[in-house]
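Visitor: my questions are about this predicted structure, shown below with the sequence.
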Amino acid sequence: MIRLYHVPLSPYCRKVRLSLAEKKLEVELVEERYWERDPDFLRRNPAGKVPVLKIDGLTLAESAAICEYIEEAYPDPPLLPKDFAERHEVRRLVGWFDDKFHFEVTSKLLYERVNKKITKEGYPDSANVKAGARAIKKHLAYMSWLLDQRRWLAGNELSLADFAAAGHLSALDYISDVDWNAYPTVRDWYARIKSRPAFRRLLADTVPGFPPPAHYADLDF
């Protein structure tokens, strides 16, 4: 049995979950309160972060490395193209969302509004929230520009880049922090991602104290 230690709204965990589901790999989800620094969890990953994946007798950490392992061990259907230049573009965009988008947007919106309350770290910093609200507009505009030229974010085939972006945006959508109507091209892309069988289990996620908006699980939002 494959086991994933995760947090429901973590975009990194969601990226791994989407990769596993797209490849039709059954996984047991174990919700991990990583902020409590449980000794058993720290033995699995001394960095004290999620996701952590137990698969093929191995314990794997770091979402990018986990997704690369899944891709190499279970190559069908492929989430990385064969062409070297196209692979680079996928990896560039994965890095864009997991580093730049996370720092400028996710950490300023999701982490301030949700994570601080869950981990009892205090109240949202309004300056951070305002900065995140400004930054997401620039990122959505960039995604619109990419999608005007391509079917998917990194090219004409679905890839890890789409799942990295969807991990962040689906978590932000859970707290209604994405103005989909202002970016119809991105909205259409997200509707295609959201309608995939791999996405269904994510749409069932709930976080105590934070009910999802009515449109969250609606495939025709």
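Guide: Structure's in. What do you need?

Visitor: residue closest to the middle of the chain?
Guide: The chain has Gly167 as the residue nearest its centroid, 1.8 Å off, counting by Cα atoms, centre = their mean.

Visitor: residues touching that one, list them.
Guide: Under the criterion of Cβ atoms under 8 Å, 6 or more residues apart in numbering, the neighbours of Gly167 are 10-15, 18, 97. All C-beta atoms are positioned from the backbone trio N, CA, C, and that covers glycine.

Visitor: before we move on, which element is it in?
Guide: When elements are assigned from DSSP states H and E, Gly167 belongs to helix 160-174.

Visitor: check which element follows that helix along the chain.
Guide: On the C-terminal side of helix 160-174, the nearest following helix or strand under DSSP H and E is helix 184-194.

Visitor: kindly export that following helix (C-alpha atoms) in CSV.
Guide: C-alpha atoms of helix 184-194 as CSV (Å, rounded to 0.1, in the frame of the first residue of the first chain):
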residue,chain,number,x,y,z
PRO,A,184,-11.3,33.4,-18.5
THR,A,185,-8.5,31.6,-20.2
VAL,A,186,-7.1,30.4,-16.8
ARG,A,187,-10.7,29.6,-15.7
ASP,A,188,-11.1,27.4,-18.8
TRP,A,189,-7.8,25.7,-18.1
TYR,A,190,-8.8,25.1,-14.4
ALA,A,191,-12.2,23.7,-15.5
ARG,A,192,-10.4,21.1,-17.6
ILE,A,193,-8.1,20.2,-14.8
LYS,A,194,-10.9,20.1,-12.3
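
Visitor: what comes up buried for that helix?
Guide: In terms of neighbour count (16 or more other Cβ atoms under 10 Å), helix 184-194 has its buried residues at 186-187, 189-190, 193-194.

Visitor: where exactly do the strands run in this structure?
Guide: Taking DSSP state E to define them, one finds strands in the chain at 2-6, 27-31, 52-55, 58-61.

Visitor: dump the C-alpha coordinates for the helix holding Gly167 into CSV.
Guide: In CSV, the C-alpha atoms belonging to helix 160-174 read as follows (Å, rounded to 0.1, in the frame of the first residue of the first chain):
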residue,chain,number,x,y,z
LEU,A,160,3.6,18.3,-13.9
ALA,A,161,3.5,22.0,-14.5
ASP,A,162,-0.3,21.9,-14.6
PHE,A,163,-0.5,19.9,-11.4
ALA,A,164,1.9,22.2,-9.6
ALA,A,165,-0.2,25.2,-10.6
ALA,A,166,-3.4,23.4,-9.8
GLY,A,167,-2.1,22.5,-6.4
HIS,A,168,-1.7,26.1,-5.5
LEU,A,169,-4.8,27.5,-7.2
SER,A,170,-7.1,24.8,-5.9
ALA,A,171,-6.1,25.5,-2.4
LEU,A,172,-6.6,29.2,-2.9
ASP,A,173,-10.0,28.5,-4.6
TYR,A,174,-11.0,26.7,-1.4
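
Visitor: okay then, goodbye and thanks.
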